[in-house]
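A.B. asks: Sequence plus predicted model, see below.
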Amino acid sequence: GFMTRYERKLFDDLKSPHLKYWVPFVWFGNLASRARKEGRIRDSVDLQTLMNEMNKYRSWCSLLFGYDWVGIPLVYTQVVTLAVYTFFFACLIGRQFLDTDQGYQGHDLDIYIPIFTLLQFFFYAGWLKV
């Protein structure tokens with residue numbers, strides 16, 4: 001609903017190796033200049049204000065599309081993967097229960113499978129994959 005069918009055809013027929021978000025801004029600039037020449041925009045200051053706001057919006061769009069081009073470097077994912085597995089290994093050693101045969105007071109329960117540590121590992125590993 002933002003373009004006429006003719007404008008949509010022009011937009012689709014335009015060949016560009018990059019994103020075409022800038023095309024409507026060029027159209028807008030041309031229409032604003034024509035409106036100034038025809039007297040629909042009476043003051044050059046108004047045209048300048050309008051163009052400044054349009055350029056600000058265009059720069060925000062280019063910044064937003066720039067985030068799509070820059071990928072996360074591989075070293076970050078490697079560091080996070082190493083941190084998750086190191087944390088899990090440290091938890092396996094650090095969260096073991098004491099041997100009940102030694103007779104420590106207050107430590108009667110001994111669980112052979114660290115259930116909560118495994119759940120935590122699955123949560124972190126799943127989060128890492130996302």
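C.D. replies: Received it, and whenever you're ready, just let me know what you need. Numbers count the residues shown, from 1 in each chain.
A.B. asks: Show me where the chain has its helices.
C.D. replies: Secondary structure of the chain (DSSP state H): helices at 5-13, 23-37, 44-69, 74-94, 115-129.
A.B. asks: Between these, which one is closest to Gln105.
C.D. replies: Among the helices of the chain, helix 74-94 comes nearest to Gln105, with 21.2 Å by Cβ to Cβ. To be clear about C-beta, it is placed using only N, CA and C from the backbone, and glycine gets the same treatment.
A.B. asks: in this structure, which segments are predicted with low confidence?
C.D. replies: Applying pLDDT under 70 to the chain flags residues 72, 97-100, 103, 106-112.
A.B. asks: Could you list the domains of it?
C.D. replies: Following the TED database, the chain resolves into domains at 5-69, 74-129.
A.B. asks: burial of Pro24, as a residue count?
C.D. replies: 16 (other Cβ atoms under 10 Å).
A.B. asks: and it, what does it touch?
C.D. replies: Pro24 makes contacts with 2-3, 11, as judged by Cβ atoms under 8 Å, 6 or more residues apart in numbering.
A.B. asks: Could you dump those into a markdown table and include neighbour count and distance to Ala90?
C.D. replies: Below are these laid out as a markdown table (neighbours: other Cβ atoms under 10 Å; distance: Cβ to Cβ, whole Å):
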| residue | neighbour count | distance to Ala90 |
| --- | --- | --- |
| Phe2 | 6 | 55 |
| Met3 | 12 | 57 |
| Phe11 | 13 | 56 |
